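# I would like the atomic coordinates for the input below:
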Amino acid sequence: MEILLNDKLKDYLKDKKSKQIIINSISTKVCCGGVSLPVAKIGQPDSNRGYYHFHLADNVEVYVQKGIEAKNNKLFLNLKNFLIFKDIEVEGVKLL
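Below is the predicted model:
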């Protein structure tokens, strides 16, 4: 799996003095069933068990929860801003 980070996210990681990102899947129920959505945050899991561990350029490490599949075998991580809030967006996850 290839994981690509945008430049804003790379700069944000430098500002936070962190080089680790964790991507989890959260499940939610809707009227006709359930759906799993990816959520990314800075940090690392308590245990590497249950995660794929990727080493990227600039010594950035990404932990992807097992079971998360990428379209075309690529995940894109982008930093999104809303007012004073910053959030890591994950694109390219197969939802089904």
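
# for the nearest residue to Glu91 once chain neighbours are set aside, the count of nearby residues, please.
Spatial nearest neighbour of Glu91, chain neighbours left out: Phe76 (4.2 Å); criterion: Cβ to Cβ, 6 or more residues apart in numbering. Placement of C-beta: from N, CA and C, glycine included. Using other Cβ atoms under 10 Å, Phe76 has 17 neighbouring residues.

# what pLDDT does the model give Phe76?
Here, the pLDDT recorded for Phe76 equals 97.

# wait, is it part of a strand?
Yes. Phe76 forms part of a strand when assessed by DSSP: H, G, I helix; E, B strand; the rest coil.

# how close does it sit to Tyr52?
From Phe76 over to Tyr52 the distance is 16 Å, taken as Cβ to Cβ, to the nearest Å.

# break down the chain into its strands, ranges please.
With strands called from DSSP state E, the chain shows them at 2-5, 20-30, 33-42, 51-55, 61-65, 74-82, 85-91.

# what's near enough to touch the residue nearest to Glu91?
When contacts are counted by Cβ atoms under 8 Å, 6 or more residues apart in numbering, Phe76 is found next to 4, 6, 90-92.

# repeat that for 10 Å
Neighbouring residues of Phe76 by Cβ atoms under 10 Å, 6 or more residues apart in numbering: 2-6, 9, 70, 89-93.

# make a ChimeraX selection of the buried ones in the residues you listed.
With 16 or more other Cβ atoms under 10 Å as the burial test, the buried ones among the contacts of Phe76 are selected in ChimeraX as follows:
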select :3,5,9,70,90,92,93
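
# tally up the residues packed near the closest residue to Gln44 other than its chain neighbours, please.
Closest residue to Gln44 in three dimensions, ignoring its sequence neighbours and counting by Cβ to Cβ, 6+ apart: Gln20, at 4.5 Å. For Gln20, the count of nearby residues is 16 (other Cβ under 10 Å).
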